[in-house]
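Colleague: Curious how this folds, go ahead:
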Amino acid sequence: MNEESQGPAPRLAGPVRNFSLQLSPTPRGARLARPLATEQLRTWGLPSHPAELIVAELATNAVAHGRVSGRDFRLSLYVIGDTLRIEVTDTRGDRLPCPQRSATDAESESGRGLLLVEALAERWGVVPGPPPCKTVWAEVGTGPSGTGPLAPPR
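Modeller: Numbering: from 1, shown residues only. Reported below is the predicted structural model:
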C-alpha cells in the first residue's frame, strides 16, 4: 500500500506547558483558583491579565452552578504556541452554561460572569463529558497585552 507523506509535522511556536490541579467545590476553592493560576503564569513569564479574571469567573461558576458535594472541580492551564487555554471541569454536565444577555434585575450583582469571559477571551465554549462532567474553556493570546495570534476556530 502506498501512503502519501505530508512532510514533517508542523512545529509549534514555543514550548507546550500545562498546569492542572483539583480544588474543593467551595467558595474557598474558587478563591484559591485565581492566585494559583496567577502564580503559575508568573512562573511561565506570561501576563496574568486577562487570564486571572477568566479563571476567577469560571471557578466561581463551577462552585455556584456545577457543585456536587464531595466532588472537586479541576482547573487546567495549557500554553501551546501563542495561546493560553483555561479549562475548568466540574461534575454537573447536566447544567450547561449560557451567558445572561439581560439580567432580570439591573442592580443584580451576579449573572454576568460569562459575559465577562466572552468579552475578555478570544474564544470560549463548553465540552460535555465524560459523564457526569463538563469542561468550560476559554482561550487568550499570550502577548504582552494578553492578545496574540490564534488559529482559526475549528
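Colleague: Which secondary structure state does the residue nearest to the spatial centre of the chain sit in?
Modeller: Closest to where the C-alpha atoms of the chain average out (C-alpha atoms, centre = their mean) is Ile86, at 2.6 Å. Recorded secondary structure, Ile86: strand (DSSP: H, G, I helix; E, B strand; the rest coil).
Colleague: what do you get for Gly125?
Modeller: Classification of Gly125 using three-state DSSP returns strand.
Colleague: where does the chain have low pLDDT?
Modeller: 1-14, 101-111, 144-154 (pLDDT under 70).
Colleague: thought the residue nearest to the centre of the chain was touching Ala138?
Modeller: Yes: with contacts counted by C-beta atoms under 8 Å, Ile86 reaches Ala138, the gap being 5.0 Å. For the C-beta atoms, the positions are set from N, CA and C on the backbone; glycine is no exception.
Colleague: Can you give me the buried ones in stretch 114-134?
Modeller: Neighbour-count burial for stretch 114-134 flags 114, 117, 120-122, 124, 133-134 (criterion: 16 or more other C-beta atoms under 10 Å).
Colleague: Touching both of Ile86 and Ala138, which residues are there?
Modeller: 54, 58 (C-beta atoms under 8 Å, 6 or more residues apart in numbering).
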